[in-house]
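Novice: build me a model from this:
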Amino acid sequence: MKTVAVTGGIGSGKSTVCSILSASGIPVYEADSAAKRLYAKDDSLLDAIEEAYGCSIRLPGGALDTRKLAGIAFSSPDKLKVLEGIVHPAVLKDFLRWKALQSTLHGDKPYCVIESAIILEKPEFLSHVDKVVLVDASLSTRLKRACERDGAEPEEIIRRMSAQHFDLSKVDAILRNEGSEADLQTETLRVFRGLDL
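Specialist: Numbering: from 1, shown residues only. Sure thing, here's the model as predicted:
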C-alpha cells in the first residue's frame, strides 16, 4: 500500500479533502489528532517532555496542560525543536504501525493518506511517502475560512500563516479549493486519479 501526504496551509481545506477521501473508503491518518491521542495515552511521552523541559506540563488530574506546553514550546525555536524531537518519532512509529494494519484490513486500496501541515519540513516522514498533494486556495479565501472556523481575528490568523512555508519542489500535485464542497469533491477525485499510484 502506497502513502500519499495531504498538506496545505491554514484554511486551505486539507481536512475536508481528507474527509472526502475517507468517505470514499481510503484510510486516512491525521497526524495532529494522533499526537493528541498519544499525549493522552502514553505517559512515557509526557515524562520525556517534562524531563527535557525540567518542569511539569500536566494538569492536577494528570492530563496534558496543552496551554502550558504550547507556551513553553513556542517560546523559542530551540524549545520547539526539543518537543518535536520527542513527539515526532512517536507519531511516526504510530503511523507505521497504523499503515501496516491498514494494509491488512484494506489491502484492496491502492494507497492510504497521511494528513499533516508540516510534513514537507520533516524528512523522516517524507521518506515514507510516495506522493504529496498540496491543498491550496487564495489568501483571502483561506483567511475567511480560518477566521470563521477558529473564531479568531484576521491578524492572529495572518501571524500563524506567516509561520507556514511549503517547498513546492516536494509537491507532486496542487489541489485548488476555491469553490463549493461539490467542486472540491470533483477536484479531489480528479487530482488523486492523476497521481499514477
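
Novice: what residues does Gly115 make contact with?
Specialist: I think there's a mix-up here, since residue 115 is Glu and not Gly. Contacts for Glu115 were tallied using CB atoms under 8 Å, 6 or more residues apart in numbering; they are 5-7, 14-15, 18, 28-32. Quick note: C-beta positions are derived from backbone N, CA and C, even for glycine.

Novice: so what's it bridging to?
Specialist: Legend: beta-bridge partners of Glu115 under DSSP bridges are Val6, Glu30.

Novice: so it versus Ser24, what's the distance?
Specialist: According to CB to CB, to the nearest Å, Glu115 stands 15 Å off from Ser24.

Novice: how about the one helix or strand in the chain whose mean pLDDT sits lowest: buried residues?
Specialist: Every helix and strand of the chain was ranked by mean pLDDT, DSSP states H and E. The lowest is helix 154-162, at a mean of 84. Buried residues in helix 154-162, counted by 16 or more other CB atoms under 10 Å: Ile157.

Novice: could you point out which element follows it?
Specialist: Per DSSP states H and E, the first helix or strand lying C-terminal to helix 154-162 is strand 173-176.

Novice: per-domain residue ranges of the protein.
Specialist: Segmentation of the chain into domains, based on automatic domain parsing, reads 1-27+113-197, 33-105.

Novice: quick check: which of those is buried the most?
Specialist: Mean neighbour count (mean count of other CB atoms under 10 Å) peaks for domain 1-27+113-197 among those, with a mean of 16.

Novice: can you map out the helices along the protein?
Specialist: Counting by DSSP state H, one finds helices in the chain at the ranges 14-23, 31-41, 43-53, 66-73, 77-105, 123-126, 139-150, 154-162, 181-193.

Novice: need the ones you listed in JSON lines with distance to Leu168, can you?
Specialist: Below are those laid out as JSON lines (distance: least, CB to CB, whole Å):
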{"stretch": "helix 14-23", "distance to Leu168": "16"}
{"stretch": "helix 31-41", "distance to Leu168": "20"}
{"stretch": "helix 43-53", "distance to Leu168": "33"}
{"stretch": "helix 66-73", "distance to Leu168": "27"}
{"stretch": "helix 77-105", "distance to Leu168": "23"}
{"stretch": "helix 123-126", "distance to Leu168": "14"}
{"stretch": "helix 139-150", "distance to Leu168": "16"}
{"stretch": "helix 154-162", "distance to Leu168": "16"}
{"stretch": "helix 181-193", "distance to Leu168": "15"}
